[in-house]
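Q: With the sequence up front, the predicted model follows.
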Amino acid sequence: MDYGAILGKGAEADIYSFTAFGTEMVVKVRNPKAYRIAQIDNSIRRARTKKEARIMAHAAGIGVRVPRVFALGTFSIYMEMVKGKNANLLEEKELASRRVLGSAGEMLGMMHSSGIVHGDITPANIMVSGNGIYIIDFGLAEMSRSVEDMGVDLLLMERSVSKNGFGLFLEGYKGSNASSGNVLKRLEEIKRRGRYQNRSLD
Amino acid sequence: MLVMGIESSAHTFGVGIVEEGRILSNVKDMYQIKDKGMIPNKVSLHHLKCADKVIKEALEAAGIRPDQLDGIGYTMGPGLGPCLQVGMLSAKAMAHALGIKIAPVNHAVGHVEIARAYAGLDDPLVLYVSGGNSQILKISQDKFRHYAVLGETFDMGIGNMLDTFAREIKLLPAWGSSVEKAAAGGRYIELPYTVKGMDFSFSGLLTRLIELSGREKREDLCYSLQETAFSMLCEATERALLLTRSHELCVCGGVAQNTRLRSMLAHVAAEHGTRFGFGPNEFNADNGGMIAFVAEKILKAGKSVGLNDCVVKQRYRIDEAEVF
């Protein structure tokens, strides 16, 4: 299948632009991995595509702003093209604000409350558009009630933003997740454990 | 500088001699594993019995006398306590007798640094795969120069998983290379595949394999085990490669001897225009040469340790060790 221009290449999938019925879309395609045998490759790509779309639909259903999914292929998801900027490209002042990190915290709180763990929540996966923010890339997301998984979500965000920015993120998070106390307690526990120390990239 | 290195963390008692980064000799004696795996006290007895012989052979092979040595290194950890003790004692005895400096070495740093040197790589992303360890590593300058762990196994090292399965289905010799041989001509059976970001887990895979071991053909199990476990490692490695934007990839440790794993990693590297390399097999298996290689760097940095300050540390993580 021919898509439009390639917009991004990830470990998990490639992103293309695609226009149909006069609408600009984004297609996320899990292309084959040459290193693994077809049986493993196909079953993993099929299962993860289905799971990602299902979790995106679930998140949208509880009011989290995610790109709308238009269509689902075996290894591809066709979704709304969100016009905006990835939050990691913003200036610190713009990023560390109620509108961006505060609102992202609120959305992660909603997700955790209903059993969705994002798995890769960093500013690179927050899109900032004119009418608010969107959470993107559910490629590593899981349906999970595990406090540990939720703690790891928070840890990843804490590692990726300034202290002030994380404070604003947490304000939003606490406001939308009634069990945030347990998760925050686990976050401190995780940080005390050896295996998560010295794991930042630089 | 002329430096001897002693490795004794697991089944191998190895002695190597290095001069200015060049390996002069690398001699080893390995405890033969039969049906039970490694019983630490039995293995350490083996090391005690062969220590003198291996040291002598390493000196002879290098063509030097003990009094020419400038320093000696030993594996401080990670490894089996009783086994590590034998290496440390040998090093202390020699350092005392010869009046030379002594350097404790992290076993994992040994594998990585020697593989990196032989592969001619400068600052690679490293997949370190051995019995007790499976980690994705990259040099970090944060606080001090060390290998930061970007991803690792949640439970067992891949080598232990391969060895345990080999024993379970009674392959001889009972370790990973026998699994590779037995995998030839196998067909794929679906097995649990567990990757979380850059971390992975092997215990569920091993449990399922043992469950299936009476019912399915041996070659099918071995083939599917390799394909599944190595695909998991490759996926996590590819993610780390993109995250770090590394232009070099290195694989090392005992399981790096596996040709299927190497060819899969070569695919991953080629996909991203990354240089891929590994060291000779004699240094992927446990050996004293790599300990000598790192010990020389430590001694040159002036970081020797007094005779009374030598210790072993069973759980000595690679990210705790300063790299020079």
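A: Nice, I can see it. Predicted model, so just to flag it, every value in this text is computed and none were measured.
Q: for chain A, which spans come out with low pLDDT?
A: Chain A contains residues with pLDDT under 70 at A:1, A:194-202.
Q: can you pull out the helices in the stretch 201-324 of chain B?
A: B:203-212, B:218-244, B:259-271, B:281-284, B:289-300 (DSSP state H, counting those that start in this stretch).
Q: Export these to a markdown table and append columns for mean neighbour count.
A: C-beta here means a position set from N, CA and C on the backbone, and glycine is covered the same way. Below are the helices of the stretch 201-324 of chain B laid out as a markdown table (neighbours: other Cβ atoms under 10 Å in any protein chain shown):
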| stretch | mean neighbour count |
| --- | --- |
| helix B:203-212 | 17 |
| helix B:218-244 | 22 |
| helix B:259-271 | 18 |
| helix B:281-284 | 19 |
| helix B:289-300 | 27 |
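Q: I figured residue B:151 was touching residue B:136, is that so?
A: Yes: using Cβ atoms under 8 Å, residue B:151 is in contact with residue B:136, at 4.1 Å.
Q: shared neighbours, those two?
A: In terms of Cβ atoms under 8 Å, 6 or more residues apart in numbering or on different chains, residue B:151 and residue B:136 are both contacted by the residues B:198, B:236, B:240.
Q: between those residues, which is nearest residue B:206?
A: Nearest to residue B:206 among the shared contacts of residue B:151 and residue B:136, counting by Cβ to Cβ, is residue B:236 at 17.7 Å.
Q: Give the buried residues for stretch A:19-26.
A: Across stretch A:19-26, burial judged by 16 or more other Cβ atoms under 10 Å in any protein chain shown covers A:25, A:26.
Q: Verify the stated contact: residue B:244 with residue B:151.
A: No: between residue B:244 and residue B:151 there is no contact under Cβ under 8 Å: 11.0 Å.
Q: Return the helix or strand hosting residue B:88 as PDB; C-alpha atoms alone will do.
A: Per DSSP states H and E, residue B:88 falls inside helix B:81-98. Taking Å, rounded to 0.1, in the frame of the first residue of the first chain, the C-alpha atoms of helix B:81-98 are listed here in PDB:
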ATOM      1  CA  GLY B  81      30.600 -15.500  46.300                       C
ATOM      2  CA  PRO B  82      32.800 -18.600  46.900                       C
ATOM      3  CA  CYS B  83      34.100 -18.600  43.300                       C
ATOM      4  CA  LEU B  84      34.900 -14.900  43.500                       C
ATOM      5  CA  GLN B  85      36.800 -15.400  46.700                       C
ATOM      6  CA  VAL B  86      39.300 -17.800  45.000                       C
ATOM      7  CA  GLY B  87      40.200 -15.300  42.400                       C
ATOM      8  CA  MET B  88      40.600 -12.500  44.900                       C
ATOM      9  CA  LEU B  89      42.800 -14.700  47.200                       C
ATOM     10  CA  SER B  90      45.000 -15.700  44.200                       C
ATOM     11  CA  ALA B  91      45.400 -12.100  43.300                       C
ATOM     12  CA  LYS B  92      46.200 -11.000  46.900                       C
ATOM     13  CA  ALA B  93      48.700 -13.800  47.300                       C
ATOM     14  CA  MET B  94      50.600 -12.800  44.200                       C
ATOM     15  CA  ALA B  95      50.400  -9.100  44.900                       C
ATOM     16  CA  HIS B  96      51.800  -9.700  48.300                       C
ATOM     17  CA  ALA B  97      54.600 -12.000  47.100                       C
ATOM     18  CA  LEU B  98      55.600  -9.700  44.300                       C
END
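Q: what angle sits between it and helix B:289-300?
A: On the basis of axes from the mean of the first three to the mean of the last three Cα atoms, to 10 degrees, helix B:81-98 is oriented at 50 degrees to helix B:289-300.
Q: Packing partners of whatever helix or strand comes next after helix B:81-98?
A: Counting by DSSP H and E, the element after helix B:81-98 in chain order, helix or strand, is strand B:101-106. Contact here means 3 or more Cβ pairs under 8 Å, 6 or more residues apart in numbering or on different chains; DSSP states H and E; on that basis strand B:101-106 packs against strand B:71-77, helix B:81-98, helix B:289-300.
Q: go again using 6 Å as the cut-off
A: Strand B:101-106 is packed against strand B:71-77, helix B:289-300, with contacts defined by 3 or more Cβ pairs under 6 Å, 6 or more residues apart in numbering or on different chains; DSSP states H and E.
Q: what does that strand rub up against?
A: Here strand B:101-106 makes contact (Cβ atoms under 6 Å, 6 or more residues apart in numbering or on different chains) with B:71-73, B:75-76, B:91, B:95, B:291, B:294-295, B:298-299, B:304-305, B:316, B:318, B:321.
Q: With mean pLDDT and distance to residue B:189 added, can I get the helices of the stretch 201-324 of chain B in TSV?
A: Below are the helices of the stretch 201-324 of chain B laid out as TSV (pLDDT from 0 to 100; distance: least, Cβ to Cβ, whole Å):
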stretch	mean pLDDT	distance to residue B:189
helix B:203-212	96	7
helix B:218-244	96	5
helix B:259-271	97	16
helix B:281-284	97	28
helix B:289-300	98	37
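Q: Residue A:42 is nearest to which of these?
A: Set against residue A:42 and scored by Cβ to Cβ, the helices of the stretch 201-324 of chain B come closest in helix B:218-244, at 12.1 Å.
Q: starting at the chain centroid, how far to the closest one?
A: Relative to its chain's centre, helix B:218-244 lies at 18 Å (Cα atoms, centre = their mean, to the nearest Å).
Q: So, low pLDDT: which residues of the stretch 51-200 of chain B?
A: Answering for the stretch 51-200 of chain B: no residues sit below the bar, that is pLDDT under 70.
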